[in-house]
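In: This is a predicted model, with the sequence first.
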Amino acid sequence: MIKQEDVRKALEAVQYKGKSIVNSGVLQKVEAKDDIFGKEIKVDLQIDTPAMHVKKQLEEDVSRVLKEKFGDDVDVKTTIRVVVPENEKMKPIEKIKNIIAVASGKGGVGKSTVTANLAATLAKMGFKVGILDADVYGPSIPLMFGTQDERPLAVKEDGKVKILPVESHGVKLLSIGYFADPGQAVIWRGSMANSALNQMMFDTKWGDLDFLLIDLPPGTGDIQLSVMQMVPVTGAVVVTTPQNVAVADVRKAINMFQNPSINVPVLGIIENMSYFQPAECPENKYYIFGRDGGKLLADNLGLPLLGEVPLVQSVREAGDAGRPSALQENTEVAKIWEDITKNVVEKTVERNKKLPPTEKIRITNQAGCAVK
């Protein structure tokens, strides 16, 4: 016969944030059954983080200690609910109307390039725009805007020290790259990175912004989850290349945003490096990384394909030179960025229309869209 007190005693060995799940209140309920149909233990837990790896580790630890105590034949069923404490819930950043997360399932798909060109195009359209480079371990935004040698200034406001973001091409910028030497590796644990991000978000004098783009690191780790918990993100834009491995990973990133404990709307998918079109033979297209991966994924998930960016040498050269390719006047690539940016704005407008009246955000869009 399996007794509940014995189950609780065994579960004292399982820890969450350095404390026993029994003594810290994480363990909510235990049910045990031992009859002719078999042995079954149900465990209900409540935690304050939606991190998938944390939940998985808890499930594994609970199963391990209970099987060690009651035998490998016991059927362990663990339910984990996520409840964020009121004092840790997200808060808006003053004077910022829309926060757009730019994400990718894997590195190397051009997420930071997309972020830089979206921001440059929004600024060109007349929006007030900022970028927060949340890719703490591999910041790219300073290089892409030619500001890697600049350092943010500090000002005192209402007795508090505020960071003044760097400005370039009409975009306000903040990145950990401004606080570290270019060749210096950022060797931080997750908590240190999250603390730095929190400071850059809330201790920066952004001023009035129509859009703050957050350039997330690739994947679905602690930083992404922390950002989603820190601030009310209007929506996410997910970047991929057409190849299968990138599309598979971006599906995971989309699942992260759609997880009930995160619930951030995905505005759409941008496919980068879609095709190569040689200047001497513009009628030819070469699908080096595969074809229609982003489109097929968007159709499969019922999401908009916001646009396709070709593999163009000038995009890479412009990023390396610190002047986003969207600023190249009267070029085909600038027109592509403009069309993609208009689609992002339109999806943001649609998103805001669905909000309750008290939360609606008025956007005046010189690209031709408005929320009244």
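Out: Yep, that arrived. Numbers count the residues shown, from 1 in each chain.
In: use CA for all of it now, contacts and neighbours both
Out: Fine.
In: where does L66 fall, helix, sheet strand or coil?
Out: Secondary structure assignment for L66 (DSSP: H, G, I helix; E, B strand; the rest coil): helix.
In: Oh, that last question was meant for V161, not what I typed.
Out: strand.
In: ok, now which ones touch the closest residue to it other than its chain neighbours?
Out: Using Cα to Cα, 6 or more residues apart in numbering and skipping the chain neighbours, the partner closest in space to V161 is V155 (5.6 Å). Neighbouring residues of V155 by Cα atoms under 8 Å, 6 or more residues apart in numbering: 161-164.
In: For the residues you listed, point out the one with the lowest pLDDT.
Out: Taking those together, the minimum pLDDT is found at V161 (87).
In: Kindly state the beta-bridge partners for that residue.
Out: V161 has the following beta-bridge partners by DSSP bridges: K156.
In: what about it, how many neighbours?
Out: Counted with other Cα atoms under 10 Å, the neighbours of V161 add up to 13.
In: That one contacts L153, correct?
Out: No: the pair V161 and L153 fails to qualify as a contact (Cα atoms under 8 Å) at a distance of 10.1 Å.
In: which residues in the stretch 101-250 of the chain form helices?
Out: Remark: helices assigned in the stretch 101-250 of the chain by DSSP state H, counting those that start in this stretch are 111-125, 141-144, 190-202, 222-230, 244-258.
In: quick one on the thing from earlier: next, format the contacts of V155 as CSV and append distance to G138.
Out: Output for these, formatted as CSV (distance: Cα to Cα, whole Å):
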residue, distance to G138
V161, 26
K162, 24
I163, 21
L164, 22
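In: Give me the buried entries from these.
Out: Among the contacts of V155, those buried by neighbour count (16 or more other Cα atoms under 10 Å) are 162-164.
In: how about TSV for the residues you listed, with distance to K124 added?
Out: Shown next, in TSV, are the buried ones among the contacts of V155 (distance: Cα to Cα, whole Å):
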residue	distance to K124
K162	27
I163	25
L164	22
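In: now the longest helix anywhere in the chain, how far from the chain's geometric center?
Out: In the chain, with assignment by DSSP state H, the single longest helix is helix 332-353. Distance of helix 332-353 from the chain centroid (Cα atoms, centre = their mean, to the nearest Å) equals 19 Å.
In: buried sites along that helix?
Out: Quick answer for helix 332-353 (16+ other Cα under 10 Å): 333-349, 351-353.
In: Same question for stretch 210-229.
Out: For stretch 210-229, a neighbour-count test (16+ other Cα under 10 Å) marks 210-220, 222-229 as buried.
In: Ends of it, what's the gap?
Out: Its first and final residues considered, stretch 210-229 spans 21 Å by Cα to Cα, to the nearest Å.
In: Give the rounded mean pLDDT of stretch 230-240.
Out: Stretch 230-240 shows a mean pLDDT of 92.
In: Identify the residues contacting R323.
Out: Neighbouring residues of R323 by Cα under 8 Å, 6+ apart: 144-146, 169.
In: And the least confident helix or strand in the chain by mean pLDDT, how far out from the chain middle?
Out: One helix or strand of the chain scores below all others by mean pLDDT, DSSP states H and E: helix 190-202, with a mean of 79. Remark: helix 190-202 is offset 14 Å from the chain centroid, using Cα atoms, centre = their mean.
In: any idea of the angle it forms with helix 222-230?
Out: Inter-element angle recorded for helix 190-202 and helix 222-230: 40 degrees (by axes from the mean of the first three to the mean of the last three Cα atoms, to 10 degrees).
In: ok, and what's touching helix 190-202?
Out: Helix 190-202 is contacted by residues 93, 132, 134, 136, 163, 174-175, 222-223, 226, 230 when judged by Cα under 8 Å, 6+ apart.
In: what two of those residues have the greatest distance between them?
Out: Spanning the widest gap among the contacts of helix 190-202 are I163 and D222, at 24.2 Å by Cα to Cα.
In: quick one on the thing from earlier: now the residue nearest to V161: how far from Q148?
Out: Distance of V155 to Q148, given as Cα to Cα: 21 Å.
In: same check, this time on R351
Out: Distance of R351 to Q148, given as Cα to Cα: 35 Å.
In: do the same with D44
Out: Distance, D44 to Q148, using Cα to Cα: 49 Å.
In: Which one of those two is surrounded by more residues?
Out: Shown here are D44 and Q148; by other Cα under 10 Å, Q148 has more neighbours (19 against 15).
In: pretty sure that one contacts G177?
Out: Yes: Q148 is in contact with G177 according to Cα under 8 Å; the separation is 7.2 Å.
In: any residues in contact with both of these two?
Out: Shared contacts of Q148 and G177 (Cα under 8 Å, 6+ apart): P142.
In: Could you double-check that I141 lies in contact with G110?
Out: No: here I141 does not reach G110: they are 11.7 Å apart, not a contact under Cα under 8 Å.
In: between the two, which one's more packed in?
Out: Between I141 and G110, counting by other Cα under 10 Å, I141 is the more crowded of the two (28 against 19).
In: How about the contacts made by the more buried one?
Out: By Cα under 8 Å, 6+ apart, I141 lies in contact with 112, 116, 133, 173, 175.
In: Against G177, how distant is the third one?
Out: Pointing back at D133 there. According to Cα to Cα, D133 and G177 sit 8 Å apart.
In: hey, what's in contact with both of those two?
Out: Listed as contacting both D133 and G177 by Cα under 8 Å, 6+ apart are 139-140.
In: Next one, pLDDT for the residue nearest to I336 when sequence neighbours are not counted please.
Out: Among residues not flanking I336 along the chain, V309 sits closest, at 6.9 Å (Cα to Cα, 6+ apart). We have a pLDDT of 93 for V309.
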